[in-house]
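> please work out how this folds:
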Amino acid sequence: MNATLPRHATMSQFIVQDDCLVVGGIALPRLAARVGQTPFYAYDRQLLDARVRDLRSALPREIRLHYAMKANPMPALVAHMASRVDGVDVASGRELRVALDVGTDPGEISFAGPGKSEAELAQAVASGILVNVESKREVELLAGIARELALPARVSVRINPDFELKTSGMKMGGGAKQFGVDVEEVPALLQRIGELKLAFEGFHLFAGSQNLHATSICEAQDKSYALALKLSAAAPAPVRALNLGGGFGIPYFPGEAPLDLGPIGENLRKIVARARNELPNAQIVIELGRYLVGEAGIYVCRVVDRKISRGQVFLVTDGGLHHHLAASGNFGQVIRKNYPVAVGNRVGAGPREKASVVGPLCTPLDTLADQMELAVAQPGDLVVVFQSGAYGATASPQGFLSHPPVVEVLV
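The predicted model follows:
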């Protein structure tokens, strides 16, 4: 490996046989033939199961593990995950329909989002799921819907705390935010929930996401628990559910290391021990999306042309930013950095070179890898983008320039 090129953490979750990546027990060229086209996303069931097992072993058994399906709402994947976790968190009415269609217990579904429509709130009440309310408007609408349907409206208050999840890739709490109810306004909202006789169940806090620092996650969990405990004194009923959010990150870029679950598990054991006395009716929930599915997925596209422009190699593929916006660097990156990328049917053996992987779109933004060291590839070879199980297909502008949509498979 050229020492001048930055290195990613080793993508060791997938097996390599005969110099080919193996996904779900199937060699990549055969999988591409089975799918019937490129580009495609592939998600490995065995890796999904392994991630859940690792979490179960690291976290206290009392912790309820929820899948945040906004990370990847593919129905087959949601069905797989729903049978292995304790609940599913949705962020739209359409996600709610998928969660119900795959057989998730409505009692274990929660719904968060700052702009829920009246129709979505009616869906939630009719389905019997828990709504994480984020404004007074939602509370008033839910009260009317509950009366009209003669059904209870189960609610939890999403709090916008007065702190952030430090070192997180995306901050979703602290300061002025569109998410949740500012902590200083929560007591008055709790009083109104009691007056309207809504079925209050607890609190939801989600301070940030994509964090690789266990100390920051532990600090946010401690502060979240303390805040919920303080606010419980104003609640119209005992706290039955306390969602501490997630924020667990995965390594994408050179220099990043996997999250250490050990300190997080130990910290949660302390919180669970406190809750037995201080919030004895509460189930404590950890809500994870990216961390559960991100490393189990790959994006695969095929080289259609090999071009050399003034000495620089370009591998032109049939995939690109319209399918994988995040890998192109246009989904929140300030300075573009490469995702881990490989030639999936020439993983380790043979000559290597510095090359850029680009797509078919008429824009220089359509770049999946910028001057990375890769195996020398030719038309027909398969390029793989790792860490692609979360925020891939549904987070990308698939209608851009009217190229065909991407296929997703669970293997």
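> surely residue 268 meets residue 65?
No: no contact is recorded between residue 268 and residue 65 when judged using CB atoms under 8 Å, the distance being 11.3 Å. (C-beta placed from N, C-alpha, C; glycine too.)
> neighbour count winner among the two?
Neighbours of residue 268 and residue 65, each counted by other CB atoms under 10 Å, are more numerous for residue 268; the result is 24 against 19.
> are we agreed that residue 132 is in a strand?
Yes: with DSSP: H, G, I helix; E, B strand; the rest coil as the criterion, residue 132 is part of a strand.
> need the helices for the stretch 101-250 of the chain, in chain order.
Listed in chain order, the helices of the stretch 101-250 of the chain (DSSP state H, counting those that start in this stretch) span residues 118-127, 136-149, 186-195, 214-232.
> I'd like to know which elements the last one is packed against.
Under the contact definition 3 or more CB pairs under 8 Å, 6 or more residues apart in numbering; DSSP states H and E, helix 214-232 sits against strand 154-160, helix 186-195, strand 199-204, helix 261-278.
> could you dump the ones you listed to JSON lines with distance to residue 235?
Conversion of these to JSON lines gives the following (distance: least, CB to CB, whole Å):
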{"stretch": "strand 154-160", "distance to residue 235": "9"}
{"stretch": "helix 186-195", "distance to residue 235": "5"}
{"stretch": "strand 199-204", "distance to residue 235": "6"}
{"stretch": "helix 261-278", "distance to residue 235": "13"}
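> neighbours of residue 126, just the number please.
Burial measure for residue 126: 12 neighbouring residues, criterion other CB under 10 Å.
> contacts only, for the nearest residue to it once chain neighbours are set aside.
Computed as CB to CB, 6 or more residues apart in numbering, the closest residue to residue 126 that is not its neighbour in sequence is residue 149, at 6.0 Å. With contact taken as CB atoms under 8 Å, 6 or more residues apart in numbering, residue 149 is in contact with 122, 125, 126.
> just to revisit the earlier point, which neighbours do residue 268 and residue 65 share?
Taking CB under 8 Å, 6+ apart as the contact criterion, the common neighbours of residue 268 and residue 65 are 59, 286.
> do a quick rundown of the strands in the stretch 251-400 of the chain.
283-288, 297-309, 312-317, 341-343, 352-358, 367-375, 382-385 (DSSP state E, counting those that start in this stretch).
> low pLDDT regions in the stretch 201-350 of the chain?
Within the stretch 201-350 of the chain, the segments meeting pLDDT under 70 span 334.
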